[in-house]
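Trainee: okay, structure incoming, though there's no sequence with it:
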């Protein structure tokens with residue numbers, strides 16, 4: 001027997017003791033703490049193992065493809081992009097294959113489970129999934145990552161407030177470049193449309209949905225490039241306006257912040273052929289905005305309170321915090337400082353609210369998401 005080549009990022013004794021010398025399909029549940037979890041369509045064998053109190057996903061691949069996927073996932077992790085985190089790579093010369101080890105993404109959903117729970121006449125709910133997918137693809141392309149096989153089957157979704165966060169879980173065909181050409185982005189979009197349309201139609205058929213819904217699903221998939229281009233345009237357009245209309249900078253920054261993006265830098269420069277005379281305020285300028293990560297509200301919440309939350313969750317929590325601040329200002333004649341109001345919200349509102357909300361859903365998901373859902377229910381009840 002040729003010893004396997006182990007590359008483990010968390011080399012605990014229990015992890016090292018797994019039977020890495022055997023093919024993944026030969027692992028015996030009586031000897032290895034395997035877990036049976038639903039797996040979407042996959043070209044390769046995928047199994048799950050529980051070690052050190054955590055769940056790990058293992059995928060058997062040809063060595064060359066496994067090495068490339070491991071390297072791409074490491075790059076995505078380093079750049080903070082939403083993808084599963086790689087935990088190891090084991091090459092098995094005797095079996096001419098490798099096992100890619102990744103962290104199991106807790107609290108995530110496969111699209112099949114999400115769509116199956118939605119009535120066919122609820123396109124708005126599907127639109128939230130598609131918006132999440134488009135947002136993920138835009139982020140990958142902004143960072144020079146060509147997905148190559150963008151599909152619902154290769155994506156997991158997690159709740160983020162009233163939004164969904166999409167996660168890349170399969171990077172077998174992905175490539176990392178300094179930047180992507182328009183042709184590469186367009187090709188990725190073509191793959192997205194084809195895969196999403198076929199995946200949705202197949203799922204509808206398996207759920208016994210009426211055939212007439214196929215046209216609607218295909219139309220929704222065909223609309224994905226328009227969603228993509230709208231977001232891409234907001235991030236990359238360079239508007240021109242008169243130097244005296246600098247108030248438009250604030251509107252641009254606010255729009256990007258509302259989408260969740262952090263604005264790192266703003267620059268104004270004379271537009272080509274319109275430079276005015278030195279010392280004057282006339283002429284047309286071009287606005288260029290350098291956009292950072294899509295965590296504007298999450299970063300702001302962390303700065304104020306120290307809490308870590310998703311971008312969608314942070315928007316909801318910030319709204320709840322502001323409502324609490326207004327209530328304190330109304331009920332107390334003396335001025336209450338911001339720090340005091342934040343401390344009151346954390347101690348008297350958020351902490352007990354999260355505890356009770358999480359218990360009400362039997363501790364499924366996260367306490368933060370349970371509290372966000374509670375606020376949504378409260379709002380709906382107040383409308384009634």
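Mentor: Ah, there it is. Worth saying up front: this structure is predicted, and the values here are computed from it rather than measured.
Trainee: which residues of this structure fall in helices?
Mentor: For the chain, helices defined by DSSP state H occupy the ranges 13-16, 63-78, 111-116, 123-142, 182-206, 213-222, 224-236, 247-258, 296-305, 311-331, 338-344, 351-360, 367-383.
Trainee: can you put those in CSV and add mean neighbour count, mean pLDDT and distance to residue 2?
Mentor: Quick note: C-beta positions are derived from backbone N, CA and C, even for glycine. Output for those, formatted as CSV (neighbours: other Cβ atoms under 10 Å; pLDDT from 0 to 100; distance: least, Cβ to Cβ, whole Å):
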stretch, mean neighbour count, mean pLDDT, distance to residue 2
helix 13-16, 13, 92, 17
helix 63-78, 18, 96, 13
helix 111-116, 17, 78, 39
helix 123-142, 19, 90, 37
helix 182-206, 16, 90, 38
helix 213-222, 16, 83, 46
helix 224-236, 15, 93, 46
helix 247-258, 13, 87, 54
helix 296-305, 18, 93, 47
helix 311-331, 18, 91, 47
helix 338-344, 14, 91, 59
helix 351-360, 15, 95, 49
helix 367-383, 16, 90, 47
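Trainee: save the ones you listed as JSON lines, and put in distance to residue 102 too.
Mentor: As requested, the helices of the chain are exported to JSON lines (distance: least, Cβ to Cβ, whole Å):
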{"stretch": "helix 13-16", "distance to residue 102": "13"}
{"stretch": "helix 63-78", "distance to residue 102": "7"}
{"stretch": "helix 111-116", "distance to residue 102": "19"}
{"stretch": "helix 123-142", "distance to residue 102": "17"}
{"stretch": "helix 182-206", "distance to residue 102": "21"}
{"stretch": "helix 213-222", "distance to residue 102": "28"}
{"stretch": "helix 224-236", "distance to residue 102": "26"}
{"stretch": "helix 247-258", "distance to residue 102": "32"}
{"stretch": "helix 296-305", "distance to residue 102": "23"}
{"stretch": "helix 311-331", "distance to residue 102": "23"}
{"stretch": "helix 338-344", "distance to residue 102": "37"}
{"stretch": "helix 351-360", "distance to residue 102": "27"}
{"stretch": "helix 367-383", "distance to residue 102": "22"}
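Trainee: so what pairs up with residue 47 in the strands?
Mentor: Legend: beta-bridge partners of residue 47 under DSSP bridges are residue 58.
Trainee: let me fix that: residue 270
Mentor: Going by DSSP bridges, residue 270 is paired in beta bridges with residue 285.
Trainee: surely residue 103 meets residue 88?
Mentor: No. At 10.2 Å, residue 103 does not count as touching residue 88 under the criterion of Cβ atoms under 8 Å.
Trainee: against residue 88, how distant is residue 271?
Mentor: 52 Å (Cβ to Cβ, to the nearest Å).
Trainee: with residue 210 instead?
Mentor: Residue 210 sits 46 Å away from residue 88, going by Cβ to Cβ.
Trainee: neighbour count: these two, which is higher?
Mentor: The neighbour comparison of residue 210 against residue 88 (other Cβ atoms under 10 Å) goes to residue 88, with 19 against 8.
Trainee: surely that one meets residue 12?
Mentor: No. The criterion here is Cβ under 8 Å, and residue 88 misses it with residue 12 at 11.1 Å.
Trainee: what's the nearest residue to residue 289 if we skip its chain neighbours?
Mentor: residue 266 (5.5 Å; Cβ to Cβ, 6 or more residues apart in numbering).
Trainee: the one you found against residue 250, yeah?
Mentor: No. Contact criterion Cβ under 8 Å: residue 266 and residue 250 do not qualify, at 9.9 Å.
Trainee: before we move on, back to that, which of the helices of the chain sits closest to residue 164?
Mentor: helix 123-142 (4.1 Å; Cβ to Cβ).
Trainee: what lies in contact with that closest one?
Mentor: Here helix 123-142 makes contact (Cβ atoms under 8 Å, 6 or more residues apart in numbering) with 81-82, 111, 114-115, 118, 146-147, 150, 152, 155, 157, 163-168, 180, 185, 188-189, 192, 196, 216, 220, 223-224, 227-228, 231-232, 235, 291, 294.
Trainee: kindly report the same for stretch 72-86.
Mentor: 9, 57, 70, 100-103, 105, 136, 139-140, 143, 145, 156, 165-169, 171, 174-176, 293.
Trainee: next one: that stretch to chain centre, how far?
Mentor: Counting by Cα atoms, centre = their mean, to the nearest Å, stretch 72-86 is centred 11 Å from the centre of its parent chain.
Trainee: how about stretch 5-24?
Mentor: On Cα atoms, centre = their mean, the centre of stretch 5-24 falls 29 Å from that of its chain.
Trainee: can you list the buried residues in it?
Mentor: 6, 7, 15, 18, 20, 22, 24 (16 or more other Cβ atoms under 10 Å).
Trainee: hang on, the earlier thing: what sits against the residue nearest to residue 289?
Mentor: 249, 253, 287, 288, 289, 290.
Trainee: 7 Å instead?
Mentor: If you count contacts by Cβ atoms under 7 Å, 6 or more residues apart in numbering, residue 266 has them with 249, 253, 289.
Trainee: same question, residue 184
Mentor: When contacts are counted by Cβ under 7 Å, 6+ apart, residue 184 touches residue 146.
Trainee: appreciated, that's everything.
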